[in-house]
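quick check, what structure comes out for this input:
(3 chains)
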Amino acid sequence: MKEKNTFDKIYDVVGQIPEGKVASYGQIAELAGNRRWARVVGYALHVVPDSMHLPCHRVVTKEGRVSGAFLSGGVNRQARMLEEEGVEIEEDRVDMRKYQWSKRIF
DNA sequence: AACATGACATAAG
DNA sequence: CCTTATGCCATGT
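Down below sits the predicted model:
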């Protein structure tokens, strides 16, 4: 039996993000085991296979800002998807106080 | 094995 | 607000 690797944990956490909510990289990293894995989370989502169908569009930076290298063509694409799920976007940013998925409320 | 790169977070200046 | 430095994992060369 093999224990889950860091990436698997990250994928697991990301897959648990409910609809209409968003999670920050640091948040996922913390839930996955260590908050310093924020960078690993970014890389994990970068190489994530489509088969996982992870809601990567619900993952944003701590500022509620969508990463620039996310989708080709522009960030607007992602903000659009979040709005469809009920997340309000303002200046390409999300109101973390209201939409961040987590117990940890600002 | 070593080095460089990457969708971040935090601390310090 | 910005830059610089450090931390972590996996991958590519």
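
any idea how far apart the tips of stretch A:32-46 sit?
Chord length of stretch A:32-46, first to last residue, is 17 Å (Cα to Cα, to the nearest Å).

quick check: buried residues in it?
Neighbour counts over stretch A:32-46 (16 or more other Cβ atoms under 10 Å) mark A:Ala32, A:Trp37, A:Ala38, A:Val40, A:Val41, A:Gly42, A:Ala44, A:Leu45 as buried. (C-beta placed from N, C-alpha, C; glycine too.)

tell me the gap between it and the middle of its chain.
Offset of stretch A:32-46 from its chain centre (Cα atoms, centre = their mean, to the nearest Å): 10 Å.

DNA strand C contacts on chain A?
Proximity of chain A to DNA strand C, by Cβ under 7 Å from any atom of the strand, involves residues A:Asn5, A:Thr6, A:Phe7, A:Asn34, A:Arg36, A:Trp37, A:Ala38, A:Arg39, A:Val40, A:Tyr43, A:Val47.

can we see that at 10 Å?
Contacts of chain A with DNA strand C, taken as Cβ under 10 Å from any atom of the strand, map to A:4-10, A:25-26, A:29, A:32-44, A:46-47, A:63.

so which helix or strand of chain A has the lowest pLDDT on average?
Least confident helix or strand of chain A, by mean pLDDT, DSSP states H and E, is helix A:76-85 with a mean of 84.

residues in contact with that helix?
The contact list for helix A:76-85 (Cβ atoms under 8 Å, 6 or more residues apart in numbering) reads A:Glu19, A:Gly20, A:Val22, A:His57, A:Arg58, A:Val66, A:Phe70, A:Leu71, A:Ile89, A:Asp92, A:Val94.

hang on, the earlier thing: quick one: which of the residues of chain A next to DNA strand C sit in helices?
A:6-10, A:25-26, A:29, A:32, A:38-44, A:46-47 (DSSP state H).

got any ranges where chain A has weak pLDDT?
A:1-3, A:69, A:71-75, A:103-106 (pLDDT under 70).

report the central residue of it.
A:Val59 (1.5 Å; Cα atoms, centre = their mean).

what separates A:Asn34 from A:Ile10, distance-wise?
11 Å (Cβ to Cβ, to the nearest Å).
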